[in-house]
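Q: heads up, no residue letters with this:
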């Protein structure tokens, strides 16, 4: 229930939105879109290129962890790229490719998702040595979604702070599928 009905659609919707925002950045700033990848909200924060990669890490990590599978080498690649993104930010096309690769991982998981008891124990270890003991439900609610949204929203905020014209409709584009006909304001 947790992964197929909550996390997977969230990952797909928000990664698609993130890719769209990067596309708008490239359209609106054709001469310096690549420079956006090194932009930060604060000097001690990671740049946009890292935020994109870490959003992808969070989505892939959530999928593999809740499937009870060993992490794919793609997670290590994304982490390494993200940690070094200030020196090697890559391009908008690179960032969108990472999003595309992550969407493929998420969509493969959606096509063959085993059921998991929400009470399944998950030990979540961080590189610093801390370990959190959670249930699958707690992991999804208290770690997987917040960490994913942190990086997605930081990417959105960096783009907005750099003058990319994005609005609420760009953030919740997936909601228009639920819009009642005739209720969209004309202006």
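A: In hand now; what should we look at? Given the structure is predicted, the values throughout are model-derived calculations rather than measurements.
Q: Spell out for me which residue occupies the centre of the protein.
A: Nearest to the geometric centre of the chain sits residue 55, at 3.1 Å (Cα atoms, centre = their mean).
Q: So that one versus residue 94, what's the distance?
A: Residue 55 sits 14 Å away from residue 94, taking Cβ to Cβ, to the nearest Å as the criterion. (Each C-beta comes from the backbone N, C-alpha and C, glycine too.)
Q: Also residue 76?
A: Relative to residue 94, and taking Cβ to Cβ, residue 76 is found at 17 Å.
Q: More neighbours: those two, which one.
A: The neighbour count for residue 76 versus residue 94, taken as other Cβ atoms under 10 Å, is higher for residue 94 (18 against 11).
Q: Which secondary structure element is home to residue 138?
A: Taking DSSP states H and E as the definition, residue 138 sits inside helix 136-138.
Q: C-terminal to that helix, what's the next element?
A: In N-to-C order, the element after helix 136-138 by DSSP H and E is helix 145-161.
Q: which parts of the next helix-or-strand element following that next one are buried?
A: Proceeding N to C from helix 145-161, the next assigned helix or strand is helix 168-171, under DSSP H and E. Buried positions in helix 168-171, judged by neighbour count with 16 or more other Cβ atoms under 10 Å: 170-171.
Q: roughly how far is helix 168-171 from the heart of the chain?
A: 16 Å (Cα atoms, centre = their mean, to the nearest Å).
Q: What lies in contact with it?
A: Applying Cβ atoms under 8 Å, 6 or more residues apart in numbering, the external contacts of helix 168-171 come out as 17, 20-21, 24, 156, 176.
Q: Looking at it now, give me its mean pLDDT.
A: Helix 168-171 shows a mean pLDDT of 92.
Q: With stretch 64-76 instead?
A: pLDDT averaged over stretch 64-76 gives 89.
Q: Just confirm residue 109 contacts residue 61, I think it does.
A: No - using Cβ atoms under 8 Å, residue 109 makes no contact with residue 61, being 11.8 Å away.
Q: show me the contacts for residue 15.
A: Contact partners of residue 15, counting by Cβ under 8 Å, 6+ apart, are 55-56, 59, 99, 102-103, 106, 152.
Q: Would you convert these into CSV that also reports secondary structure?
A: Listed next are these as CSV, based on DSSP: H, G, I helix; E, B strand; the rest coil:
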residue, secondary structure
55, helix
56, helix
59, helix
99, helix
102, helix
103, helix
106, helix
152, helix
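Q: Which helix or strand lies directly C-terminal to the helix or strand containing residue 96?
A: Counting by DSSP H and E, the element that carries residue 96 is helix 92-111. Counting by DSSP H and E, the next helix or strand C-terminal to helix 92-111 is strand 121-125.
Q: Having no further points to raise, I will conclude here.
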